[in-house]
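In: Just a sequence and a predicted model for now, questions to come.
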Amino acid sequence: MLNCKPTLTPIDAKGKLSADGAKIDDSSTYRSLAGALQYLTVTRLDLAFAVQQACLHMHAPRVPHQALLKQILRYVRGTGDLGLHICGGRDPSITAYSDADWVGCLDTRRSTSGFCVFLGEALVSWSSKCQPTVSRSSAEAEYRAVANAAAECI
């Protein structure tokens, strides 16, 4: 995909994929590419959500999931100058941000939550994952996200 046409977004605006569609022939290539993209999210946080959505379907990838991987690669091709720049600062404060997407998974109805922790201006930790249980409300999903972020800071 070195000569592909770049795109401006790593994922479609709706951003959520279900487990529908035809199965792909070579799932090992899909898993290998999705795993490689996971390493790229260490310095490219703009890819984290899109790669997480692709990795949710590693056990049984379908044609729409493969199209998502190609979309991510087209985005990476057009945004090679972006990335996380870690620099020293004078502010030693710890700041954490969290968010949750209530009933974010179309198949299991579980919420997706995430957080990032900064030491001064430098990002030191982040996570994005599907919550282990189904939340009864958006407030409960947000509370779980805050609890995960607080546990990381302690």
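Out: Sure, I can see it. Residues are numbered from 1 along each chain as shown.

In: alpha carbons only for contacts and neighbour counts from here, please
Out: Fine.

In: which SS state does residue 19 fall under?
Out: coil (DSSP: H, G, I helix; E, B strand; the rest coil).

In: Provide the secondary structure category for the one residue sitting closest to the centre of the chain.
Out: For the chain, residue 49 is the residue whose C-alpha lies nearest the centre (Cα atoms, centre = their mean; 2.4 Å). Recorded secondary structure, residue 49: helix (three-state DSSP).

In: wait, what's in contact with it?
Out: Taking Cα atoms under 8 Å, 6 or more residues apart in numbering, we find residue 49 in contact with residue 128.

In: Relative to residue 11, how far out is it?
Out: The gap separating residue 49 from residue 11 is 8 Å, by Cα to Cα, to the nearest Å.

In: Likewise for residue 41?
Out: Residue 41 is 14 Å from residue 11, where distance means Cα to Cα.

In: More neighbours: which of those two?
Out: For residue 41 versus residue 11, the count of surrounding residues by other Cα atoms under 10 Å is larger for residue 11: 22 against 18.

In: just checking, the more buried one touches residue 70?
Out: No. Assessed by Cα atoms under 8 Å, residue 11 is found out of contact with residue 70, at 9.9 Å.

In: Show me the domain layout of this protein.
Out: As given by automatic domain parsing, the domain ranges for the chain are 1-84, 94-153.

In: Can you add mean pLDDT and give those back as JSON lines?
Out: Shown next, in JSON lines, are these (pLDDT from 0 to 100):
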{"stretch": "domain 1-84", "mean pLDDT": "85"}
{"stretch": "domain 94-153", "mean pLDDT": "83"}
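
In: secondary structure class for residue 124?
Out: Secondary structure assignment for residue 124 (three-state DSSP): strand.

In: what does the one 10 residues further on give?
Out: With three-state DSSP as the basis, residue 134 sits in coil.

In: Skipping adjacent residues, who's closest to it in space?
Out: Nearest non-adjacent residue to residue 134, counting by Cα to Cα, 6 or more residues apart in numbering: residue 110, 4.7 Å away.

In: which residues does that neighbour contact?
Out: Shown in contact with residue 110 (Cα under 8 Å, 6+ apart): 102, 103, 104, 130, 131, 132, 133, 134, 135.

In: Same question for residue 2.
Out: Listed by Cα under 8 Å, 6+ apart, the contact partners of residue 2 are residue 77.

In: for it, phi and psi?
Out: Note on residue 2: backbone dihedrals following degrees, to the nearest 10 are phi -70, psi -30.

In: I am finished for the moment; much appreciated.
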